[in-house]
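Visitor: can you look at this prediction? I've put the sequence above it.
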Number of protein chains: 2
Amino acid sequence: MFRIPNSSTRPAGGSIPVAVPVWSVDPRTGKQREQVATEATAAEVDAAVRAAHATRAALADRDTRIALLRAAADQLEADGEAILAAADAETALGSARLTGELARTTGQLRAFADEVADGGYLDVIIDHADGSLTPPRPDLRRYKIPLGVAAVYSASNFPLAFSVPGGDTASALAAGCPVVVKAHPDHPATSELTGAALRRAAARVGLPEDVVTVVHGFEAGVELIRHPLVGAAGFTGSIRGGRALFDAAAARPAPIPFYGELGSLNPVVVTEAAAGERAGEIGGGLAGSMTMGVGQFCTKPGLVFAPAGTAGDELVDALTKKVGEAAPGVLLDGRMREAFLAGVGERAALDGVEAPVAAGPGDARTVAAGFLTVAADRLAAEGPHDLLLEECFGPLTVVVRYTDADQITAVLSRLPGNLTATLHLSEAEGAGDGGQGGRLLAELTPIAGRILVNGWPTGVAVTPAQHHGGPYPATTSTSTSVGVTAIERWLRPVSYQSAPPALLPPELREDNPLGLPRRVDGRREH
Amino acid sequence: MFRIPNSSTRPAGGSIPVAVPVWSVDPRTGKQREQVATEATAAEVDAAVRAAHATRAALADRDTRIALLRAAADQLEADGEAILAAADAETALGSARLTGELARTTGQLRAFADEVADGGYLDVIIDHADGSLTPPRPDLRRYKIPLGVAAVYSASNFPLAFSVPGGDTASALAAGCPVVVKAHPDHPATSELTGAALRRAAARVGLPEDVVTVVHGFEAGVELIRHPLVGAAGFTGSIRGGRALFDAAAARPAPIPFYGELGSLNPVVVTEAAAGERAGEIGGGLAGSMTMGVGQFCTKPGLVFAPAGTAGDELVDALTKKVGEAAPGVLLDGRMREAFLAGVGERAALDGVEAPVAAGPGDARTVAAGFLTVAADRLAAEGPHDLLLEECFGPLTVVVRYTDADQITAVLSRLPGNLTATLHLSEAEGAGDGGQGGRLLAELTPIAGRILVNGWPTGVAVTPAQHHGGPYPATTSTSTSVGVTAIERWLRPVSYQSAPPALLPPELREDNPLGLPRRVDGRREH
């Protein structure tokens, strides 16, 4: 029914279960590095979920969770050298990028520790009894409790920050949910190392190691989403794989929330005036953003509206120069390289599409970045050019040349949901002159979760105001997978009515022993 | 594929579309009162959704929405006499109950107006740029925006508070979402009257009337959930109908949130000590709660754990006396009456089940309340007695006699999710003595959304701390359909990165012109 990329092979037929090896592969050579595990059987997935489920009570203590998240960050740093070496060998993302990603990962874990300490995410609301009302109001106290075992599906392109020790795991643990992670087959060795670090951190703060378990294998991922003790799932990956898991989550006898981040085109609109002011700067910035990490970011700008005419030409020239200078790079795995080259070929062959810099193979293992141009009217109605409105994972972008604002509107109205949308405005437009800036911002807001002005969408700050999500297929929910509000995904409210003070959890006690922000009889207290 | 109860009939076959009449039926007589509408065709549903969609910009203004919600409450009161007459004639719920429901409905609308004015639901978070960080942090400002047209599916048992002018509609309008309501076939005349009141209120505050439209018919409901411009849906009703619509929402090319409140058994645990202290009071209270509204509340206590032995016998005696005194009542429609009588018969026929007061037919249109008793060990493992763990809509409850606490635990662990769970404790247990109260509270919390101590679950206060939701099948989401936090269901976050001040919406401006509560650089401000 669905396929998640998997580098291991499964023997055909036969009734005797055979352990399927999981290999770490070097994408720079295509060679197997080592066997790091075997795929989890259905029984092993069941055991992992049951063991995780048994740790819920231990995770219920707030201070222990704070200690766990901080210890996990410390342990990842302590094991940093080995983790970074494995991650680079498995993903070819390079040491600088991965060092930054490790810092992002530990920063996330510590940010969630701070959020647990703050306690605002518990959304405590207390309404005292009021017998003078009709009908009389009972004492009601509401907060949020964890949903149970979280299933986390790792991303290919972030072996740390969106994988075993990543934001989904950190936010779920912060909420009090034990985690079973389905490792991504592109980095099983990194997954094992980081999983071991998290388990050591758990032991160090006196928690059972089974608060986090790593499993490998496509079938294991399917078993996981169907397991009755799994209470919610987080996923970062492709539309096809994510939708299949979403469908499986919805089809369960008791459906569970599925927080999937699937795919995004990340449109960019450059106004005529902005191009007139700084075409070279915008073209150069676009080249940097679309080739960063060999174009393997979910926020890569994949569709760029640039004006027809000389200012737009100048932008394209700057883009041509910079993209042409980019060194070929290695994609995360061989399958992605094939898909990228095929996707480039199909798009370049469309009528009226030109390739000022042709993306294509570098040497036998690399790909060269490139971009395509097309006139906006080709995208105004359904047709073969709709392929240009689909994400092409890798270092390719499509520049749409428009002659008037209506053409932008027409194409934007045909786009699916996006993680980001970006607007490049002139100084006067940014100051509100003429209304063009406000109009475009209003057109971009319904189709994305984050709207940028005069910037680039790659680089997703981990901050409370971040929103990394958007209308389908950007995400399958209304939530974010980056920033501290990601903790909300793993909780549900519960209200206690007329519960005697002696039986209330500390979070709901009248004297507020944990010092939580709360809303009492309509007034906010903190 | 699925059936929502529908009192109208559809002509078989034929290619010429025939207008299918929608009749108002009096359940006290079974007779048609009047034809109030025709079922909406696919084209009519499409037109309603498109017209609603076109009102989004008008609804975006905060003050207009506040005015709309208050005007709607006023208009419902002004039209109250006609609305109450129609509702009583169509539902047989009685004037007293319906007068209370109308007050609840107008109170809800005004509470949401206050919530819009408060603005806390927008969850404004602002993080200022910080160039000293690695990587530098951009200016990010997050708030919430409406999801688009809301589809609302009315409940049979609350013709006002959970129907056209009910909590789903009020919360969606408060969020800025236009609403298309699928009327319930048990009260089409009431739906038309209340829909007209809402539309008049809209016109009165200068809004297009199409901010709310009412449609009738089973097929119309299916068209509605599939419409590409519908952004989210709310539903109150049966597990079968709700699950079918949930599945349809999940199967859309772009899935949407489906907030369904489906069914609940609402377990009650009476401890030995509580029964020892006040068996008569508990038995009498239970009788009142389970027969209220002819047992047609979603929070009706449907499974009650009472101790074996004399204290439990005394409770059963009090229940017998009070339930035996209850007058027969008319259910919402003839189909429900048949389903209730069949459900009672199947349950009473199970081995070891007794009926101290036999539920059954009253006269040709009414039913008499009753209850069943069964020993707890009959429910410890899968078997035919599992039928007793399914909701039986109407005035029936099942008393489970237990001999020790482990039997309670065993049965509770087999229950699906519930809206409520209730605990009756002795004074000492409530004070924390012996730990029994805390243990039971901890066992009930995972299976319900609202936990009551020494009270009855019928009667759901409309207050900020209310949570009317629970694990599946109580609800299909983690949200509530009662209380002001219900507004969260119709919104999604969006972040603006580095947007120039002149282009920011007022909600996100530095000087906070709307006076919204917000979190700025981690500090809460209001």
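Guide: Yes, it's here.

Visitor: any idea which helix is longest in chain A?
Guide: helix A:95-118 (DSSP state H).

Visitor: which strands or helices does it pack on?
Guide: Contacts defined by 3 or more Cβ pairs under 8 Å, 6 or more residues apart in numbering or on different chains; DSSP states H and E place helix A:95-118 against helix A:62-78, helix A:80-91, helix A:167-175. Where you see a C-beta, it was placed from the backbone N, CA and C, and this is true even at glycine.

Visitor: adding mean pLDDT, distance to A:D511 and mean neighbour count as columns, could you present those in CSV?
Guide: Converted to CSV, the helices and strands packed on helix A:95-118 look like this (pLDDT from 0 to 100; distance: least, Cβ to Cβ, whole Å; neighbours: other Cβ atoms under 10 Å in any protein chain shown):
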stretch, mean pLDDT, distance to A:D511, mean neighbour count
helix A:62-78, 98, 16, 21
helix A:80-91, 98, 43, 21
helix A:167-175, 98, 25, 31
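
Visitor: and those as a markdown table, adding distance to chain B?
Guide: Output for the helices and strands packed on helix A:95-118, formatted as a markdown table (distance: least, Cβ to the nearest Cβ, whole Å):
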| stretch | distance to chain B |
| --- | --- |
| helix A:62-78 | 15 |
| helix A:80-91 | 16 |
| helix A:167-175 | 12 |
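
Visitor: I'd like the next helix or strand past the longest helix of chain A.
Guide: strand A:124-127 (DSSP states H and E).

Visitor: coming back round to it: now do the longest helix of chain A against helix A:62-78, angle only.
Guide: 170 degrees (axes from the mean of the first three to the mean of the last three Cα atoms, to 10 degrees).

Visitor: ok, A:K322 touching A:M290?
Guide: No - using Cβ atoms under 8 Å, A:K322 is not in contact with A:M290; the gap is 9.7 Å.

Visitor: looking at the two, which one has more neighbours?
Guide: A:M290 (28 against 20; other Cβ atoms under 10 Å in any protein chain shown).

Visitor: I figured the more buried one hits A:T397, correct?
Guide: Yes - if you go by Cβ under 8 Å, A:M290 and A:T397 touch, sitting 4.5 Å apart.

Visitor: what touches both of those two?
Guide: A:300-302, A:371 (Cβ atoms under 8 Å, 6 or more residues apart in numbering or on different chains).

Visitor: dump the residue contacts of whatever residue of the stretch 251-400 of chain A ends up closest to chain B.
Guide: Among all residues of the stretch 251-400 of chain A, A:A254 sits closest to chain B, at 4.2 Å; criterion: Cβ to the nearest Cβ. A:A254 sits next to A:228, B:416-417, B:471-473 when contact means Cβ under 8 Å, 6+ apart.

Visitor: same check on A:P208?
Guide: A:P208 neighbours (Cβ under 8 Å, 6+ apart): A:51, A:54-55, A:58, A:202.

Visitor: now with 10 Å?
Guide: Residues near A:P208 by Cβ atoms under 10 Å, 6 or more residues apart in numbering or on different chains: A:51-52, A:54-55, A:57-59, A:178, A:199, A:202.

Visitor: would you mind putting the residues you listed into TSV with pLDDT alongside?
Guide: Shown next, in TSV, are these (pLDDT from 0 to 100):
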residue	pLDDT
A:A51	98
A:A52	98
A:A54	98
A:T55	98
A:A57	96
A:A58	97
A:L59	98
A:P178	98
A:R199	98
A:A202	98
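
Visitor: from those, list just the buried residues.
Guide: A:51-52, A:55, A:58-59, A:178, A:199, A:202 (16 or more other Cβ atoms under 10 Å in any protein chain shown).

Visitor: also near chain B: which of the residues you listed, exactly?
Guide: Among the buried ones among the contacts of A:P208, not one lies near chain B by Cβ under 10 Å from any Cβ of the partner chain.

Visitor: and which of these is nearest to A:V484?
Guide: A:L59 (18.2 Å; Cβ to Cβ).

Visitor: how close does the closest one sit to B:S498?
Guide: Distance of A:L59 to B:S498, given as Cβ to Cβ, to the nearest Å: 38 Å.

Visitor: then A:P136?
Guide: For A:P136 relative to B:S498 (Cβ to Cβ), the value is 51 Å.

Visitor: and if you look at A:A40?
Guide: Relative to B:S498, and taking Cβ to Cβ, A:A40 is found at 44 Å.

Visitor: compare neighbour counts for those two and give me the winner.
Guide: A direct count of neighbours by other Cβ under 10 Å for A:A40 and B:S498 places A:A40 higher, at 26 against 16.

Visitor: mind pulling up the pLDDT for the residue nearest to A:V215 when sequence neighbours are not counted?
Guide: Leaving out its chain neighbours, the residue that sits closest to A:V215 by Cβ to Cβ, 6 or more residues apart in numbering or on different chains is A:A40, at 4.0 Å. The model reports A:A40 with a pLDDT of 98.

Visitor: about what we covered before: and the contacts of A:P208, which two are the farthest apart?
Guide: Among the contacts of A:P208, A:A57 and A:R199 lie farthest apart (Cβ to Cβ), at 18.1 Å.

Visitor: how deep is A:G206 tucked in, by neighbour count?
Guide: Neighbour number of A:G206 under other Cβ under 10 Å is 11.

Visitor: my bad, should have said A:D26
Guide: Neighbour number of A:D26 under other Cβ under 10 Å is 17.

Visitor: find the helix or strand that A:I145 is a member of.
Guide: Judged by DSSP H and E, A:I145 forms part of strand A:140-146.
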